[in-house]
Each structure stands twice: as structure tokens, then as C-alpha cells.
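>>> the following block contains a protein sequence and its predicted model.
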Amino acid sequence: MDDQPRLMHAHAAVGMSGHPGLSQHIPDNTGATDGDGRKQDIGDILQQIMTITDQSLDEAQARKHALNCHRMKPALFNVLCDVKEKTVLSIRGAQEEESPDAQLMRLDNMLLAEGVSGPEKGGGSAAAAAAAAASAGVGADNSTEHSDYRAKLTQIRQIYHTELEKYEQACNEFTTHVMNLLREQSRTRPISPKEIERMVNIIHRKFSSIQMQLKQSTCEAVMILRSRFLDARRKRRNFNKQATEILNEYFYSHLSNPYPSEEAKEELAKKCSITMSQTSFKNLTDPKCLNDILYIFVSNWFGNKRIRYKKNIGKFQEEANIYAARTAVSAASVSAHGSQTNSPSTPNSAGSAGSFNMSNSGDLFMSVQSLNGDSYQSSQVGANVQSQVDTLRHVISQTGGYSDGLAANQMYSPQGINANGGWQDPTTPSSVTSPTEGPGSVHSDTSN
DNA sequence: AGAGATGATTCTAT
DNA sequence: ATAGAATCATCTCT
């Protein structure tokens, strides 16, 4: 601290000796013509400046006035400004300009993507909207969740904009205030306009770092909101029984190629939506939205089903038998009806409960029919499922010569599952596979 | 409470 | 873009 006066002394003395305009004033100053006298004079002035804060207010005011009126004041002021300029620059030069721009840009981009900053739009980003749409189908109170999400996002948006406005206003106010203050003080201490400008920059930087914090916490809030919302997506609700039956029936009746085409999936989604809309999705009023969601559900369901069936065929055997038998029963009933009504190709839309509306009777049943022609008796139509299964097993074991367990296995996957356990040509939609199958194929899929 | 079932998600390959 | 595979997370049943 005590170095400074001496430093100022030295600088001032050196600065002034080289100052072209100052030498003119000096002889008038005290009447002294030698350099020592000048130094003495400046030293006095500086001394007065240094001690000005130690004095009482009145005294100080008087001194201030005296100093302001002093003839050498402008020259000294300029010199002090120069000196200060140089020292301040050398101090600041090193530490300025580390750029937080990259992070700020990232935050800005994110806020823009999330729909917090930028033009107002309904539900935020595409991703968030998709998440919202997907999750809207999950819970019973899904649409409430959806609007909840949007409401919270709007809330964050509002808070962000309010705070941003506040910061901007505060920044402007503070800048103006500081500028006025510095301008005011520049009358009594060496403050150049350049320095004021620099101070304004410093203030802006400080405020922009605050702004960055605001942006950061806004981003965090959005992330938290989103993660909470995405978590809600995992909250699953099982399909109801009818919907599962619809899907299972399709699956087991297309076991050789359980890849429903887009249209088939849409139709399955529609079928499921009838039952689902009354239970799990009763709050989802938009049928288009419901179908879209169910389409995804159907896709998921088939994906899971295929993989799990393939992994453990034995486990699903019983289920396969039941659905095969059911299909057989309904198909037989159609066929029986057909022979009576002379319309054998009529699709079974009134068959077993919840059955998918397809003209196809299913792989298994077609196998049985083609293999056994007249052995499947219409008198058995309406008999209980178990007896149907037994009959079918019996028929298969007779014609195929497989043992019971193996027969069942072979029953459902003769054409479809290859040695690797994969279905043939999984990418081909089931609706277009049948005509290209081999001569021994009995797969018939005329749905859609 | 724990096991198993099941829908959803993510990653990789095609 | 879609399927398979692995995995996660939740639901349901015992």
C-alpha cells in the first residue's frame, strides 16, 4: 500500500517531464523555474490527493475545490490517466478474454431446442413432444400427464423470460449508475473514458455470467422435468385381456411368419384400441393419437413376442395350442357355416371372442385341413378347447409320426423357424409371403 | 417379498 | 427403417 504514493510520485514526475503541454504551465505555477521546484509542487498536489480521504468533509470539499481549480490539474489528470491506463492494461491484459462463449452457445442451443427460448411453440422440442406423445399412452391419467408436462415447461419458460428481463434491466441500471458515478468521480480522480468503457464491459461480463447461470439452471430444470416425464414412460400398463388375445391370435395364426405388415399392425392397433380405449386409454380422446400409440405398442408387442417365443418355444407351447385350437374351432365353424350357406370364403368376423378379422384360418388349421381332409369332423365344432387340442395332436401324431411334445413343436414351426431358430425372411410382410412358398407349404395368409 | 411376466428402451446389425 | 438381442422397470401373481 505504501508503495503506491511513491510510485505515483515517480510516474507523475517522469510523465510530466515529457509532457509537451505541461511545461508551459509550470513556470506560472509557483514561480519556481527549476526541476526540483516542479517536483515539489507536484508532490504537494499528490500528497493532498492522497490525504484527502483523511480529512473532514468540509476540509476535504475545500481541498477538492482548490485542487479542481489548480492550474496544473488538467495536465496532472491526463498524466495520471495515462499511468493508470498502462498499469491497468498490464494487469488485466493477461486475465481477460477466456471465452465462455462455447458453453453459452451450448446452453442457448439447448434452450432453443427445448422451446424455452426462441419463438413460442406448443410443447417444446420434437424429442420432448415425441416423448410426450408416447408417454401419453401409458397411464390412465396420461393426457393429464401430458398437459402437466407442457404446463411445467411453460412455467419454466415464463420464469426464464422474467428472470432474463430482470437481469437485463438490472444490468442496464447498474451500468448507467456506474457510468454516472465514474463520470462524476472522473472530476476528482483519474478516470478516462476508455476506462469507463472498460468498466462497462466488465459489468456486462459479470452480468452475462449471471445470465449463464440462469440459463444453466433453466436447462437443468428442463432436464429434470424431461427425465421425470420420460421415467413416466416406463410405467407400463399391461394390455387388457382382449387386446392380448387379439395379438396372440394373430401371432399364432401367422406363426410361420409373425411379421405383421404395416397395414396389419394398423388394423391390430385399431382392433386393440376398441378394447383399450375403454380401459387403459379412456382419457385419450383423439382416436388418431390413440391408434398411433397403439401401433407402437403392437410393434413392441410383436418384437417382444417373437424374441420370447423363439427363445423358449416349449414355454409357449401350451399357449400356442390353445390359440391354434381356437383358430381351428372358429375356422371350422366358418367352414361348417360355409357349407350350409354356400359361402366358404366368408371371413370369420363373428368367431371366437376378440378374434382378428382375417380370412386366414391359421397355419395350424390349414395344416390339419389339408392333411386330413375329411378327418376333421364338423360334429366336433363347439366341443371344448382341450378336446380340440387333443384331436389335433392326435391327428398330427398320426400323420407326422412325431412324439407328442415334438409334434407340438413341429406343428407351429415347420416352415417358419429355420435351423438357427430364426423365421424365414423376417423382413417380408406376412401378407405377401404365401404365394411364394414352396409346394409343400400350407401357409395361407390372405389377410388384408 | 420375491419370482416371473411383460411392456419399454437401447444398442447393434442388416 | 426395422428386427434381434439384451436389459431395464414395472406389474401381477403367489
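Great, that's in hand.
>>> who does the helix or strand hosting A:Q242 touch, helix- and strand-wise?
Here A:Q242, judged by DSSP states H and E, is contained in helix A:241-253. Packing partners of helix A:241-253 (3 or more C-beta pairs under 8 Å, 6 or more residues apart in numbering; DSSP states H and E): helix A:262-276, helix A:287-311, helix A:313-341, helix A:363-372. Placement of C-beta: from N, CA and C, glycine included.
>>> lowest average pLDDT across the ones you listed?
Among the helices and strands packed on helix A:241-253, helix A:363-372 has the lowest mean pLDDT, at a mean of 35.
>>> circling back: CSV please, covering the helices and strands packed on helix A:241-253 and showing mean neighbour count and distance to DNA strand C.
As requested, those are arranged in CSV below (neighbours: other C-beta atoms under 10 Å; distance: least, C-beta to the nearest atom of the strand, whole Å):
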stretch, mean neighbour count, distance to DNA strand C
helix A:262-276, 20, 6
helix A:287-311, 17, 4
helix A:313-341, 19, 12
helix A:363-372, 21, 16
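>>> show me the domain layout of chain A.
A:102-117+A:144-233, A:241-334 (the TED database).
>>> so for A:F174, which of the helices and strands packed on helix A:241-253 sits nearest?
helix A:287-311 (49.5 Å; C-beta to C-beta).
>>> touching DNA strand B at all, that closest one?
Yes: on the criterion C-beta under 7 Å from any atom of the strand, helix A:287-311 is in touch with DNA strand B at A:296-297, A:300-301, A:303-304, A:308.
>>> okay, the angle between that helix and helix A:241-253?
50 degrees (axes from the mean of the first three to the mean of the last three C-alpha atoms, to 10 degrees).
>>> could you pull out the helices for the stretch 51-200 of chain A?
In the stretch 51-200 of chain A, the helices defined using DSSP state H, counting those that start in this stretch lie at A:57-69, A:73-95, A:101-113, A:126-135, A:142-185, A:193-234.
>>> just those helices: most buried one?
helix A:126-135 (a mean of 17; mean count of other C-beta atoms under 10 Å).
>>> quick one: average confidence on that one?
44.
>>> report the separation between A:I296 and A:L268.
12 Å (C-beta to C-beta, to the nearest Å).
>>> try A:I322
Where A:L268 is concerned, A:I322 sits at a distance of 19 Å (C-beta to C-beta).
>>> ok so, going back, possible to save the domains of chain A as CSV with distance to A:S56?
CSV is the format used below for the domains of chain A (distance: least, C-beta to C-beta, whole Å):
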stretch, distance to A:S56
domain A:102-117+A:144-233, 16
domain A:241-334, 78
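>>> go through those domains and name the closest to A:Q61.
Per C-beta to C-beta, nearest to A:Q61 of the domains of chain A: domain A:102-117+A:144-233, 10.7 Å.
>>> average pLDDT for that closest one?
Rounded mean pLDDT across domain A:102-117+A:144-233 is 79.
>>> now do stretch A:175-191: everything it contacts.
A:49, A:64, A:67-68, A:77, A:80-81, A:83-84, A:192, A:195-196, A:199-200, A:203-204 (C-beta atoms under 8 Å, 6 or more residues apart in numbering).
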